[in-house]
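Novice: got a structure for you, letters missing:
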């Protein structure tokens, strides 16, 4: 079987700007495990490049990564809190604990929630690529189904390639393949910017006594959030999420340094917050902007019995729940399990049947995640309505801080097993 993975979004299009995004790196490793299959990944970028700030690793994503990497390589690069929970919400002005989220007791310790920076995780995945899998400077522009039923890819400034049994669109939020099938999908800026940076933890030694020993999110009355956390390998991460109007967002370049003057303005927005936030921001020497674009989620993950959509091409999360990359790994692993589970004699693949299993197993979970956005929006509106009444704001925040453990601890393998158990897939 021949499998194509495409990463072809425009170079200025949001999270797709980095070469070999984590979702496609995970998909390369997952699908390369298929017996008697040749995986070819096409990337628009001219070569590999480590990029990005921090990343959350939740139990579901870690379970998938453990199938793709030696567990020791993951453990060596991550930070896990040793006190006060895995992830804490704090009051914007006082730092008081509002809510603590802990990994469930039944989760194996090595899969407990963790944090790391993107470059070391990216490097770990790329180290395990099979030889000659990735073809750079190849921007995919479309897919077509040939009379023999196989898929052909078209490219910008390159001849078409006609001989793929399966095409996996991992080409991000501005996916040309998604636009081909759903041309009316409106993808764009939705009102918030993430400002992110990673720097040596040693820079904070003088204020170490102020830092909580966990990963914390300071929650503001206007919906703004400041995340602070160690990330492993002696690094520390800051993420500031702010509502910004479209004019501000349009002046920012994805992953571009905002410069010292804008950094000083950003610090000023948090002068009245918990002093630890200001102390950390004072020691930040540069920060990058990431305008958070999003769009409709797909109601179908497959097309034409030959094309599958994974990661941001299927469900552009704009960073919500810190779970976007993990859901991309989950998509890739679900697709691998569906192909293996529907193969005759272990390696005679029934791609059409596998894509049906993949969609039936994966789509209900993803659509439930999407519905959570509406729940969260309603809760945020309810909490923000009493801005200025701190006691009532705290009460409402605590009452409406719903658990998303169902999201970050779900089992991809069980999703696929349930579908495979429902009926035998035959030609």
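Specialist: Done, it's in. Remember, it's a predicted structure, so these values are computed and weren't measured experimentally. Numbers count the residues shown, from 1 in each chain.

Novice: where does the strand ranked longest in the chain sit relative to the chain's centre, distance-wise?
Specialist: Under DSSP state E, the strand in the chain containing the largest number of residues is strand 188-200. Centroid displacement of strand 188-200 relative to its chain, using CA atoms, centre = their mean, to the nearest Å, is 14 Å.

Novice: just the mean pLDDT for that strand, thanks.
Specialist: Across strand 188-200, pLDDT averages out at 93.

Novice: residues in contact with that strand?
Specialist: By CB atoms under 8 Å, 6 or more residues apart in numbering, the surrounding residues in contact with strand 188-200 are 53-54, 117, 231, 234-246, 248-250, 252, 258, 266, 284-295, 318-319. In short, each C-beta sits where N, CA and C put it, glycine included.

Novice: one more pass at 7 Å, please.
Specialist: 53-54, 117, 231, 234-244, 246, 249, 252, 258, 266, 284, 286-294, 318-319 (CB atoms under 7 Å, 6 or more residues apart in numbering).

Novice: out of those, list just those in strands.
Specialist: 54, 117, 231, 235-243, 288-294.

Novice: filter those down to the buried ones, PyMOL style.
Specialist: A single PyMOL command selects the buried members of those (16 or more other CB atoms under 10 Å):
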select buried, resi 54+117+231+235+236+237+238+239+240+241+242+288+289+290+291+292+293+294
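
Novice: the longest strand of the chain to strand 288-294, inter-axis angle?
Specialist: Counting by axes from the mean of the first three to the mean of the last three CA atoms, to 10 degrees, strand 188-200 lies at 150 degrees to strand 288-294.

Novice: beta partners for the closest residue to residue 28 other than its chain neighbours?
Specialist: Closest residue in space to residue 28, ignoring its immediate chain neighbours: residue 41 at 5.3 Å, by CB to CB, 6 or more residues apart in numbering. Note on residue 41: beta-bridge partners by DSSP bridges are residue 5, residue 134.

Novice: and for residue 41, the neighbour number?
Specialist: 24 (other CB atoms under 10 Å).

Novice: list the contacts for it?
Specialist: Residue 41 neighbours (CB under 7 Å, 6+ apart): 5, 24, 28, 133-135.

Novice: right, and residue 353 touches residue 343 too?
Specialist: No: at 9.2 Å, residue 353 does not count as touching residue 343 under the criterion of CB atoms under 7 Å.

Novice: so what strands line up beside the longest strand of the chain?
Specialist: strand 235-243 (antiparallel), strand 288-294 (antiparallel).

Novice: buried residues, that strand. List them.
Specialist: 189, 192-199.

Novice: what's the answer for stretch 271-281, then?
Specialist: Per 16+ other CB under 10 Å, stretch 271-281 contains these buried residues: 273-274, 276-277, 280-281.

Novice: now stretch 302-316
Specialist: Buried, per 16+ other CB under 10 Å, within stretch 302-316: 302-303, 305-316.

Novice: likewise for stretch 206-226?
Specialist: 211-212, 214-221, 223-226.

Novice: again, but for stretch 78-97
Specialist: 78-81, 85-92, 95.

Novice: need these in TSV with secondary structure, can you?
Specialist: As requested, the buried residues of stretch 78-97 are exported to TSV (DSSP: H, G, I helix; E, B strand; the rest coil):
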residue	secondary structure
78	coil
79	strand
80	coil
81	coil
85	coil
86	coil
87	strand
88	strand
89	strand
90	strand
91	strand
92	coil
95	coil
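
Novice: now, which of these sits nearest residue 170?
Specialist: Nearest to residue 170 among the buried residues of stretch 78-97: residue 78, at 23.6 Å, using CB to CB.

Novice: and the closest residue to the closest one other than its chain neighbours, what pLDDT?
Specialist: Excluding the flanking residues, the one nearest residue 78 by CB to CB, 6+ apart is residue 114, at 3.9 Å. Here the pLDDT value assigned to residue 114 is 94.

Novice: isn't residue 114 up against residue 80?
Specialist: Yes: checked against CB under 7 Å, the pair residue 114 and residue 80 is within contact range at 4.8 Å.

Novice: list the contacts for the residue nearest to residue 78?
Specialist: If you count contacts by CB under 7 Å, 6+ apart, then residue 114 has 57, 78-80 around it.

Novice: next, it: phi, psi?
Specialist: phi -150, psi 170 (degrees, to the nearest 10).

Novice: which stretches of this protein form helices?
Specialist: 22-31, 59-68, 71-75, 118-127, 176-181, 246-250, 260-269, 275-282, 324-341, 351-384, 390-400, 405-408, 412-422 (DSSP state H).

Novice: redo these as JSON lines? Include distance to residue 204.
Specialist: Shown next, in JSON lines, are the helices of the chain (distance: least, CB to CB, whole Å):
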{"stretch": "helix 22-31", "distance to residue 204": "26"}
{"stretch": "helix 59-68", "distance to residue 204": "26"}
{"stretch": "helix 71-75", "distance to residue 204": "23"}
{"stretch": "helix 118-127", "distance to residue 204": "19"}
{"stretch": "helix 176-181", "distance to residue 204": "41"}
{"stretch": "helix 246-250", "distance to residue 204": "28"}
{"stretch": "helix 260-269", "distance to residue 204": "16"}
{"stretch": "helix 275-282", "distance to residue 204": "7"}
{"stretch": "helix 324-341", "distance to residue 204": "26"}
{"stretch": "helix 351-384", "distance to residue 204": "30"}
{"stretch": "helix 390-400", "distance to residue 204": "27"}
{"stretch": "helix 405-408", "distance to residue 204": "27"}
{"stretch": "helix 412-422", "distance to residue 204": "36"}
